[in-house]
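Peer 1: Coordinates for the following, if possible.
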Amino acid sequence: MINYLQGILLERRIEGCTLLTPGGVGYELRLPAGALERLPETGQEVGLYVRTLVREDAIELFGFSDKDEQDVFSLLISVSKLGPKIALAILSTFDPQSLRETVVREDAQALTRVPGIGQKSAKRLIWELKDKFQGWGPEVSGLGKSSGTRQTTFSDALAGLVNLGYKEGEIRSVLSQVLEQDPDLIVGEAIRAVLRQLKTEGDP
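Peer 2: The predicted structure is shown next:
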């Protein structure tokens, strides 16, 4: 199963993009609004976490800026009667942390801002997700990241960089420095910051 893709942004569309990998394969991905906004200009390099859904008539790829967004999408589509289209709409309305806060507060009215979700659906969504969201991710009432969340960001970013072909010993100190400078970076941002720094250090 495809979990992460990196390559050149070949095309961007209203609901997604086409990513051209170094092997010459172009992948069509659907993205939530936030991930679309964070895409670079066409022709530039980008990395996206991916969730693959296989149906009888199609294989669909969904792209995300970071691991947290990917994980929340996977959780959303595990909810009964909630498909990937609505899951994307939810993540286009709420970032993962805002969604967690909304669910834990049991704010059904806020969830009805998502196209396709009414009061009944919002209450069912809260009922199915509340226990799963409590204790997952940053503290709901916290400002900034807890030390545990920073460690998770470090671990996930390190794993992502290793998957890109970098040796752990070469990038661990660079990643630590990046997160010390900006501890509020999410996983995808941390990976991109490390790649930029490595490129700068490699320039003559």
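Peer 1: what ranges do the helices span in this protein?
Peer 2: 33-37, 67-76, 84-93, 96-104, 108-111, 119-133, 147-163, 168-181, 187-202 (DSSP state H).
Peer 1: Just send these back as a markdown table, with mean neighbour count too.
Peer 2: To be clear about C-beta, it is placed using only N, CA and C from the backbone, and glycine gets the same treatment. Output for the helices of the chain, formatted as a markdown table (neighbours: other CB atoms under 10 Å):
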| stretch | mean neighbour count |
| --- | --- |
| helix 33-37 | 17 |
| helix 67-76 | 21 |
| helix 84-93 | 20 |
| helix 96-104 | 21 |
| helix 108-111 | 17 |
| helix 119-133 | 16 |
| helix 147-163 | 17 |
| helix 168-181 | 14 |
| helix 187-202 | 17 |
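Peer 1: By mean pLDDT, show me the worst of those.
Peer 2: For the helices of the chain, the bottom mean pLDDT is recorded on helix 147-163, which sits at a mean of 69.
Peer 1: need the helices of the chain in TSV with distance to L61, can you?
Peer 2: Output for the helices of the chain, formatted as TSV (distance: least, CB to CB, whole Å):
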stretch	distance to L61
helix 33-37	13
helix 67-76	12
helix 84-93	11
helix 96-104	19
helix 108-111	26
helix 119-133	24
helix 147-163	17
helix 168-181	27
helix 187-202	16
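Peer 1: Which one, of those helices, ends up nearest to E11?
Peer 2: Closest approach to E11 among the helices of the chain (CB to CB): helix 33-37, 12.2 Å.
Peer 1: can you give me how far the closest one is from the chain middle?
Peer 2: 10 Å (CA atoms, centre = their mean, to the nearest Å).
Peer 1: still on that earlier bit, out of the helices of the chain, which is closest to Q44?
Peer 2: helix 187-202 (10.8 Å).
Peer 1: Tell me which other helices or strands that closest one touches.
Peer 2: Judged by 3 or more CB pairs under 8 Å, 6 or more residues apart in numbering; DSSP states H and E, helix 187-202 is in contact with strand 45-54, helix 67-76, helix 147-163, helix 168-181.
Peer 1: Recalculate using a threshold of 7 Å.
Peer 2: Helix 187-202 sits against helix 147-163, helix 168-181, with contacts defined as 3 or more CB pairs under 7 Å, 6 or more residues apart in numbering; DSSP states H and E.
Peer 1: which residues sit against the last one?
Peer 2: Surrounding helix 168-181, the residues in contact under the criterion CB atoms under 7 Å, 6 or more residues apart in numbering are 150, 153-154, 157-158, 161-162, 185, 190, 193-194, 197-198.
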